[in-house]
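>>> Sequence below, structure please.
(one chain, ligands or ions: 1)
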Amino acid sequence: MSSQLSSPLYDIAVVGSGFGGSLLATIARKLGRSVILLEKGKHPRFAIGESSTPLTNLLLEELTTRYDLPALTPLAKWGAWQSVYPDVACGLKRGFTFFHHVLGEPDTPDPDHARQLLVAASPHDRIADTHWYRADFDHLLVKHAQTMGVDYLDEVDLHGVCQAEDEIRLAGSRHGRELTVRAAFLVDSTGPRGFLHRALHLPELPLPDMPATEALYTHFSGVGKFKDSEFEPEGEKPPYPIDAAAVHHVFDGGWIWVLQFNNGVTSAGVAATEDAAARLRLPEGEAAWLWLLDLIPPLQTQFSAAKPLRPFVHAPSLSFRSGVTAGERWVLLPSAAGFVDPLFSTGFALTLLGVARLAAIIQEDWGSGQFGARVRASAAVSESELLATGRLIGSLYTAMPDFPVFVSLSLLYFAAVIFSETARRLGKPELASSFLLHDHPSFGPQCRRIFGQVLRNRGALNATGLHEEVMRAIGPLNLAGLGDPARRNWYPVDARDLYESAWKVGASAGQITALLEGCGFRS
Ligand SMILES: Cc1cc2nc3c(=O)[nH]c(=O)nc-3n(C[C@H](O)[C@H](O)[C@H](O)COP(=O)(O)OP(=O)(O)OC[C@H]3O[C@@H](n4cnc5c(N)ncnc54)[C@H](O)[C@@H]3O)c2cc1C
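Reported below is the predicted structural model:
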C-alpha cells in the first residue's frame, strides 16, 4: 500500500450502494447528517431483484414526498418514469401472472383458467408498476445521492470494523491506498451475508417455515411473448397483457420468473427447493436452464431465440436470516438482515419499510438517548416482517404441486397488500400497521393457523376446506372481489369493487372517489 487515507468523522457511513443504501444515505443527508456511502463495485453494474409492487411504489412515493426528493418521485410509476427518465431502462408491470405446469407434460388448453392466476395491479399503463433495470436504476440513485451532498467512494475493499466509545471505524483499501472511515453510526446495506455479517461473525439462523432454496438466473436477449395468441381469444381479454407483468411459472418444488424490460432485455431465472434444484441440476448453470425449458414446452417456445447476455448465476443458498441485526452503533438494513425468496417480490417493500423506519428515527432522535433503542426496536420489527414473509412463502412452496391451494394462499397475500395500500392512500395507515397485516388482530392469527395447517399437512390438504378458511380470513379485508368464482382466477382492477367494500376501510364513496382521482386511476 502506498499511503494512508483517513476520513473525517461522519455522522453516518452507509456500506453498499444498492437502491436501499443510496436512498437511505440521501435521506439522511437531506436531514442534515454528514454521510459517506461506500461501495465495493462500480456503477453501472448488474444486480438482481427487479420487480416492484403497488406497495413498493407507494412507499417510494411516500419517502420521496416526505423527504422532499422530487427528482425520485417519477420512479414510482411507469408513466412518469417514461416521461422524465426515458433513458433509464425499466419494464412495464401491470400485474402478477401465474401459470402452473407439470414438468415434462405437454401443454393443453386451459379454458377455465384452472392453471392460471392473473391479478392486475393497475388499471392502465400510466400508473403501473415497473421492473427496475437495476444497472440503470441504482446508478441514477447513487448519482442523485452525490448531488444531494453524500460523499461516495466506489471500488472500496473493506476488511475490518472496530467500535470505539463514540465512533465506529472501517478499515479497508481503495485503489492501492489504505483507507479508514470514521462515523458515529453505520448502516449496512450490502445484502444477505454481507459486510457486517461477515466482519462481526454474526450467526446465521434458519427461517423456520422456509425450505432451503437455490436459484439460477441471468439476463437474456431475444425472448418472445408467452403464448399471447391463446390468451386473447375473441371476447375474452385478460385483465392486462400477460407479459407486461411479473410472470411466474410454478411447478412442484419451484418456480420460474420472467420479467421483460423496455430495452430488449429479459430477466429470467428459477428458484427451487434443494431437492428440486438437485433433480434439475441447477449448479450446472446454462445446461440446467435449457433442460428445464425442455420440460415446459410453451416456455421453450418463448425462449427459442433467447441468448444469455451474461453468465448464469447459481445462488446455492437463497434464504437467509442474520441472528443479530443491530448493535450499539450499527444496523443492518432489512435486505442485509434477511431474505426469503423472490416469490411475490417482497424484497423491495421490506427494504423500503426499513428505510422509512430508520429515516424517521434519524429525523426524530438523532443525538438523543432514545436513538439506539429505537434502532434496535426497528430491527426487531424488520425481523418480524421477515418471519411473516417466510411463513407465507414457505406455505406457498409446500402448495406448489397443488395449484388450487397455491391460488387460495395467494389470495391472503393479495388481500393483505391491497388492503394496506388502500388504507395508506386513504391516510389511515393505522389500519394496516404491519407488513402482510401479520399483526392484524384477526387476520394475523387466521393466517398463522392456515399456514401452520399447510406446513404440517404437506401433500394431504383438503383444498376446498382450506379455500373456505382463506375466504373467511380475507372477508373483512377483501377490497378486490378476490375469490369470486365468476372471475375464474382473472382479477382486473375494478373501481366498483372498491366502492362496494369501502365500509371495510371505513371510507365513504366520496373518499374512494378522491383516492382514485389522487392516484391517477382514471386514465
Ligand atoms: C434471485 C433474486 C430475485 C429477487 N427478485 C426480487 C423482486 O423481483 N422484487 C423484489 O422486491 N425483491 C427481489 N429480490 C430481493 C432484492 O434483490 C433485494 O430486496 C434488494 O436488492 C435489496 O436492495 P439493497 O439496495 O438493499 O441491496 P442490494 O441490491 O443487495 O445491494 C447491495 C450493494 O452492496 C454492495 N456491497 C456488497 N458487499 C459490499 C462490501 N463488502 N462493501 C461495499 N459494498 C458492498 C453491492 O455491490 C451492492 O451494490 C430478489 C432477490 C434475489 C436473490
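>>> any idea what sits nearest residue 396, other than its immediate chain neighbours?
residue 409 (5.5 Å; C-beta to C-beta, 6 or more residues apart in numbering). Quick note: C-beta positions are derived from backbone N, CA and C, even for glycine.
>>> which parts of stretch 454-471 are buried?
454, 455, 461, 466, 467, 469, 470, 471 (16 or more other C-beta atoms under 10 Å).
>>> err, stretch 261-274, not the other one
So, applying 16+ other C-beta under 10 Å, buried residues of stretch 261-274: 261, 262, 265, 266, 267, 268, 269, 270, 271, 272, 273, 274.
>>> thinking again about what came up before, look up how far residue 85 lies from the residue nearest to residue 396.
36 Å (C-beta to C-beta, to the nearest Å).
>>> what number of residues lie near the residue of the stretch 201-350 of the chain found nearest the ligand?
The stretch 201-350 of the chain approaches the ligand most closely through residue 347 (2.5 Å), counting by C-beta to the nearest ligand atom. Residue neighbour count, defined by other C-beta atoms under 10 Å, stands at 24 for residue 347.
>>> Can you list phi and psi of it for me?
Backbone torsions of residue 347, given as degrees, to the nearest 10, read phi -60, psi -50.
>>> excluding its backbone neighbours, what's nearest it?
Using C-beta to C-beta, 6+ apart, the closest residue to residue 347 is residue 49 (5.3 Å).
>>> Which of the three states applies to the one you found?
Assigned with DSSP: H, G, I helix; E, B strand; the rest coil, residue 49 falls in the coil class.
>>> mind checking the SS state of residue 367?
With three-state DSSP as the criterion, residue 367 reads coil.
>>> Flag every residue of this structure that's near the ligand.
15-21, 38-41, 47-51, 156, 158, 189-191, 194-195, 215, 217, 269, 318, 333, 335, 342, 345, 347-348, 351 (C-beta under 6 Å from any ligand atom).
>>> Now that we have the residues you listed, which of them are buried?
15-21, 38-40, 47-51, 156, 158, 189-191, 194-195, 215, 217, 269, 318, 333, 335, 342, 345, 347-348, 351.
>>> I'd like the list of those that fall within strands, please.
15, 38, 156, 158, 215, 217, 269 (DSSP state E).
>>> can you pull the contacts of residue 125?
Going by C-beta atoms under 8 Å, 6 or more residues apart in numbering, residue 125 touches 78, 79, 92, 94, 244.
>>> Where does the closest residue to residue 477 other than its chain neighbours sit, in terms of helix or strand?
Nearest non-adjacent residue to residue 477, counting by C-beta to C-beta, 6+ apart: residue 419, 4.3 Å away. Applying DSSP states H and E as the criterion places residue 419 in helix 403-425.
>>> heading toward the C-terminus, what's the first helix or strand past that helix?
Note on helix 403-425: by DSSP H and E, the next helix or strand toward the C-terminus is helix 443-456.
>>> Show me what that following helix is packed up against.
When contacts are defined as 3 or more C-beta pairs under 8 Å, 6 or more residues apart in numbering; DSSP states H and E, helix 443-456 sits against helix 371-399, helix 403-425, helix 463-474.
>>> Could you dump the ones you listed into TSV and include mean pLDDT and distance to residue 150?
Compiled in TSV, the helices and strands packed on helix 443-456 are given as follows (pLDDT from 0 to 100; distance: least, C-beta to C-beta, whole Å):
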stretch	mean pLDDT	distance to residue 150
helix 371-399	97	20
helix 403-425	97	28
helix 463-474	96	42
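>>> so which of those helices comes closest to residue 513?
Closest to residue 513 of these is helix 403-425 (C-beta to C-beta; 12.4 Å).
>>> got the angle for the closest one vs helix 371-399?
Angle of helix 403-425 versus helix 371-399, following axes from the mean of the first three to the mean of the last three C-alpha atoms, to 10 degrees, is 150 degrees.
>>> Which neighbouring elements make contact with helix 403-425?
Counting by 3+ C-beta pairs under 8 Å, 6+ apart, helix 403-425 packs on helix 54-66, strand 95-100, strand 116-120, helix 371-399, helix 443-456, helix 463-474, helix 509-518.
>>> got a markdown table for these, with distance to residue 146 too?
Putting these into a markdown table (distance: least, C-beta to C-beta, whole Å) gives the following:
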| stretch | distance to residue 146 |
| --- | --- |
| helix 54-66 | 17 |
| strand 95-100 | 35 |
| strand 116-120 | 38 |
| helix 371-399 | 25 |
| helix 443-456 | 42 |
| helix 463-474 | 45 |
| helix 509-518 | 32 |
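>>> Tell me which of the ones you listed is the most buried.
strand 95-100 (a mean of 24; mean count of other C-beta atoms under 10 Å).
>>> Taking helix 403-425 as reference, get the angle to that one.
Angle, strand 95-100 to helix 403-425, by the same axes, to 10 degrees: 170 degrees.
>>> contacting residues around strand 95-100?
115-122, 226, 239-240, 242-251, 344, 403, 406-407, 410, 414.
>>> What strands line up against that strand, and which way round?
strand 116-120 (antiparallel), strand 246-251 (parallel) (DSSP bridges).
>>> Columns mean pLDDT on top of these, output as a markdown table?
Output for those, formatted as a markdown table (pLDDT from 0 to 100):
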| stretch | mean pLDDT |
| --- | --- |
| strand 116-120 | 97 |
| strand 246-251 | 98 |
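>>> ok, back up a step: in a markdown table: the buried residues of stretch 454-471, plus distance to residue 55.
What follows is the buried residues of stretch 454-471, written out as a markdown table (distance: C-beta to C-beta, whole Å):
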| residue | distance to residue 55 |
| --- | --- |
| 454 | 23 |
| 455 | 25 |
| 461 | 28 |
| 466 | 25 |
| 467 | 25 |
| 469 | 24 |
| 470 | 20 |
| 471 | 22 |
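>>> which of the residues you listed sit farthest apart?
Among the buried residues of stretch 454-471, 455 and 471 lie farthest apart (C-beta to C-beta), at 20.0 Å.
>>> ok, back up a step: tell me which two of the contacts of residue 125 sit farthest apart.
79 and 244, at 13.3 Å, using C-beta to C-beta across these.
>>> Could you check which of the two has the larger neighbour count?
Neighbours per residue, other C-beta under 10 Å: of residue 79 and residue 244, the larger number sits with residue 244, 21 against 17.
>>> hang on, that one packs against residue 92?
Yes: in this structure, residue 244 is within contact of residue 92 by C-beta atoms under 8 Å, at 4.5 Å.
>>> So for those two, which residues contact both of them?
Common neighbours of residue 244 and residue 92 (C-beta under 8 Å, 6+ apart) are 125, 128, 260.
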